[in-house]
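*Asks:* got a predicted model here, sequence first, then my questions.
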Number of protein chains: 2
Amino acid sequence: MSQLLPVVPADAPVATGDWAGSVRLTFRRGEEIYAQDEDADLIYRVVRGSIRTTHLQSDGRRQIGDFYYVGDIIGVEVGDVHRFSAEALTDCDVLALRRAGSTAYEPGRVQQMIWAATATELRRTQSHMLLLGRATACEKVARFLMDIADRFRGEFVILPMSRQDMADYLGLTIETISRMLGRLQADGVIEFSGSRKYRVRRPGCLSEMAAA
Amino acid sequence: MSQLLPVVPADAPVATGDWAGSVRLTFRRGEEIYAQDEDADLIYRVVRGSIRTTHLQSDGRRQIGDFYYVGDIIGVEVGDVHRFSAEALTDCDVLALRRAGSTAYEPGRVQQMIWAATATELRRTQSHMLLLGRATACEKVARFLMDIADRFRGEFVILPMSRQDMADYLGLTIETISRMLGRLQADGVIEFSGSRKYRVRRPGCLSEMAAA
DNA sequence: CGGGGCCTTGATGCTGTTCAAATAGAGTGG
DNA sequence: CCACTCTATTTGAACAGCATCAAGGCCCCG
């Protein structure tokens, strides 16, 4: 609400191409990129690291909107203010670009990008809604692991988020998350090396349990 | 999937203004306006009655996307096909308009309308996601009753949807819906006349229970 | 070596589901 | 208009899944 926008140094590095006119900003793990209820003047493109968006209710309950990785665009809002806040899950760099003319429809490079990002956001939010509506804890966790794995090239997947983040994304508790992960590992579907790194041993089995 | 688009008679009534070029179509209670997985060629504006959008999963579980009333626009999709189907909750009329050029960004009347409708849809889907994520059955029902009441002028609110529709919207069962409505009525917060008509007796109390 | 998060594991309880049955209500034909 | 049927809704009782509460273990880092 009352947080100041990041101050941009005059000699800050500037991107070219579609993001010409943007400014590169760096955030440390845990730092806030923008706050809930803050004016939505800027949109951001992730170029390093990963980010979560969070909605906090008055009674303290927390809902994670989504997790964003390199290439994703965040900060697109329907109204004038951010409905979610954004925090860095890891150290990260973003390109920040001023939204030219509010949400009004205008031809132009930036508007076109906002339009595309809004459409993408709608699709992701719909998927998230379907996930929260009618799925068991096991299905939720299985689909989550699948979605994350699909975004990674390599065999091993690194989770940038905590169990609490996963819980607040899926509408569960950390204990339930932990138990479901344990069960999936016991069944040989996935294999963890430490708590933040896993690989999928039986993709077919995992997608069956996801049961979309 | 394989359903044909509605056949438009040559002399069908045509609207003017923003919806110039659209065709008025009439559907009976229960009829399908468009199907899940069908090509999304048209967008629709509700001019009479009410409509639900539905997503059906392979295992039969059903999730209601949203409920739409006069003035709302439905059929806007991110991809090329409908992710939800739309069915008439009551007899209803819609204006159907062809999407000019896919989802590509182009200046123009229809594109501008699609853009605005997409933004509205995103906001509604976000609210729905937050509702499904972390709310008790009582909170879900209270918020639902509030949202519906906000859309009506008069003292009494008519519910066009069944208990099953409410349940599939809120991610609950019909029994739980019925019990929560009973509890709210016993507490004097709402008052039903028959199962599809109610009025809010204590708005402050209702919004407290909604606890957004 | 010690401290402090974060994560896991176990025991217990509550919320919402499931199964079953009764009741109310809407539609239909006599 | 009434009786009948079929569906929608309500209500009750038992159950299941996930939450809550409470320890205990792991790991990172000083």
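*Replies:* All right, it came through fine. Numbers count the residues shown, from 1 in each chain, chains lettered A, B, ... in the order given.

*Asks:* quickly find the element holding A:Gln126.
*Replies:* According to DSSP states H and E, A:Gln126 maps onto helix A:109-133.

*Asks:* give me the nearest residue to the residue nearest to the spatial centre of chain A, chain neighbours excluded.
*Replies:* Note on chain A: the residue nearest the mean C-alpha position is A:Phe67, at 1.7 Å, using CA atoms, centre = their mean. Take A:Phe67 and drop its neighbours on the chain: the residue closest to it by CB to CB, 6 or more residues apart in numbering or on different chains is A:Arg52, 5.4 Å away. Quick note: C-beta positions are derived from backbone N, CA and C, even for glycine.

*Asks:* of all of chain A, which residue lies closest to DNA strand D?
*Replies:* Using CB to the nearest atom of the strand, the closest approach of chain A to DNA strand D is made by A:Thr176 at 3.0 Å.

*Asks:* now do the same for that residue: helix, strand or coil?
*Replies:* Using DSSP: H, G, I helix; E, B strand; the rest coil as the criterion, the local structure at A:Thr176 reads helix.

*Asks:* ok, it to A:Val141 distance?
*Replies:* From A:Thr176 across to A:Val141, the span is 8 Å (CB to CB, to the nearest Å).

*Asks:* neighbour count for these two, which is higher?
*Replies:* Comparing A:Thr176 with A:Val141 by neighbour count (other CB atoms under 10 Å in any protein chain shown), the higher total belongs to A:Val141, at 27 against 18.

*Asks:* flag every residue of chain A that's near DNA strand D.
*Replies:* For chain A, the contact set with DNA strand D under CB under 7 Å from any atom of the strand comprises A:136-138, A:171-173, A:175-176, A:194-195.

*Asks:* what pairs with the one helix or strand the residue nearest to the centre of chain A maps to, and is each one parallel or antiparallel?
*Replies:* Using DSSP H and E, A:Phe67 sits in strand A:62-68. Strand A:62-68 has the following sheet partners, assigned by DSSP bridges: strand A:51-56 (antiparallel).

*Asks:* what's in contact with the partner strand?
*Replies:* Identification of contacts with strand A:51-56 by CB atoms under 8 Å, 6 or more residues apart in numbering or on different chains yields A:33, A:36, A:62-68, A:72, A:74, A:83-89, A:92, A:94, A:161, A:165, A:168, B:130.

*Asks:* what's A:Ala137 in contact with, if anything?
*Replies:* Under the criterion of CB under 8 Å, 6+ apart, the neighbours of A:Ala137 are A:170, A:172, A:176, A:180.

*Asks:* surely the second one meets A:Lys140?
*Replies:* Yes. With contacts defined as CB atoms under 8 Å, A:Leu172 counts as touching A:Lys140 at a distance of 6.5 Å.

*Asks:* which residue comes closest to A:Tyr61 once chain neighbours are left out?
*Replies:* In this structure residue A:61 is Arg, not Tyr. Distances taken as CB to CB, 6+ apart place B:Arg134 nearest to A:Arg61, at 4.6 Å, with adjacent residues excluded.

*Asks:* can you give me the pLDDT of the one you found?
*Replies:* The predicted local confidence for B:Arg134 comes out at a pLDDT of 94.

*Asks:* that one and A:Thr136, how far apart?
*Replies:* 17 Å.

*Asks:* quick one: which of these two has more around it?
*Replies:* When B:Arg134 and A:Thr136 are compared for neighbours, B:Arg134 comes out ahead with 18 against 11, by other CB under 10 Å.

*Asks:* and that one, what is it in contact with?
*Replies:* A:57, A:61-63, A:168, A:171.

*Asks:* kindly report the same for A:Trp19.
*Replies:* Applying CB under 8 Å, 6+ apart to A:Trp19 gives the contacts A:45, A:95, A:97.

*Asks:* tell me the SS of the last one?
*Replies:* Assigned by three-state DSSP, the conformation of A:Leu97 is strand.

*Asks:* tell me, how many neighbours does it end up with?
*Replies:* A count of nearby residues for A:Leu97, using other CB under 10 Å, gives 24.

*Asks:* can you pull out the strands in chain A?
*Replies:* Along chain A, the stretches classed as strands by DSSP state E are A:23-27, A:32-34, A:42-48, A:51-56, A:62-68, A:73-74, A:85-88, A:92-98, A:156-158, A:190-192, A:197-200.

*Asks:* understood, closing this out.
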